[in-house]
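**Q** quick one, what's the 3D model for this:
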Amino acid sequence: MKKGFTLVELLGVIVILGLIAMIAIPTINSSLNSSRDKAYDEQVRTIEDTARTYMSKNSLKLPSQTEGSMCCLSVSTIQQAGLLTADDIKNPKYKKDSTEDEEKYENFNGTVIITFTNNKYKYEYANTTCTPEC
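**A** Numbers count the residues shown, from 1 in each chain. This is a model prediction of the structure:
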């Protein structure tokens, strides 16, 4: 008796492994993308919360309490104040050579736009530069 597998048995195993891969790879990719999205949103919240902390320490820089008044606080300013570390500004969605706005920058380098609306300050991260500076 010969020991070993026949060609048909080997092809059957390869086909089954291929089917498993066809099912598993899209699921894994969507899971990874979902994790990146959640990490991105968490980083943005961290930057916005840190901007609140910065502005509470520098309250004279807040925009006037006139409806619609605004100012911009750059991420680099917050980082220079020692409130953000290099890890806090890493972009989890970064993809080399991407043209998507959320993916093309390795680090967050935008601004937090602070606006006064409905009798409160609103902090919102934008991946752009803007004026007036706070």
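
**Q** nearest residue to the middle of this protein?
**A** Tyr40 (2.2 Å; CA atoms, centre = their mean).

**Q** which other helices and strands contact the one helix or strand it maps to?
**A** Under the criterion of DSSP states H and E, Tyr40 resides in helix 7-57. Helices and strands touching helix 7-57, by 3 or more CB pairs under 8 Å, 6 or more residues apart in numbering; DSSP states H and E, are strand 70-74, helix 75-80, strand 111-117, strand 120-126. Where you see a C-beta, it was placed from the backbone N, CA and C, and this is true even at glycine.

**Q** which residue is the nearest non-sequential neighbour of Thr128?
**A** Gly110 (5.7 Å; CB to CB, 6 or more residues apart in numbering).

**Q** no no, Cys71
**A** That would be Cys134: by CB to CB, 6+ apart, it lies 4.0 Å from Cys71.

**Q** same question for Leu62.
**A** Met55 (5.7 Å).

**Q** and the helix holding Tyr40 with strand 120-126, angle?
**A** 140 degrees (axes from the mean of the first three to the mean of the last three CA atoms, to 10 degrees).

**Q** helix 7-57 to strand 111-117, inter-axis angle?
**A** Calculated by the same axes, to 10 degrees, helix 7-57 forms an angle of 60 degrees with strand 111-117.

**Q** now do helix 7-57, average pLDDT.
**A** For helix 7-57, mean pLDDT is 95.

**Q** please shift the residue numbers so they start at 469 in all later answers.
**A** Got it, first residue is 469 now, which makes that one helix 475-525.

**Q** mind checking how far that helix is from the chain centre?
**A** Put simply, helix 475-525 sits 13 Å off its chain's centre (CA atoms, centre = their mean, to the nearest Å).
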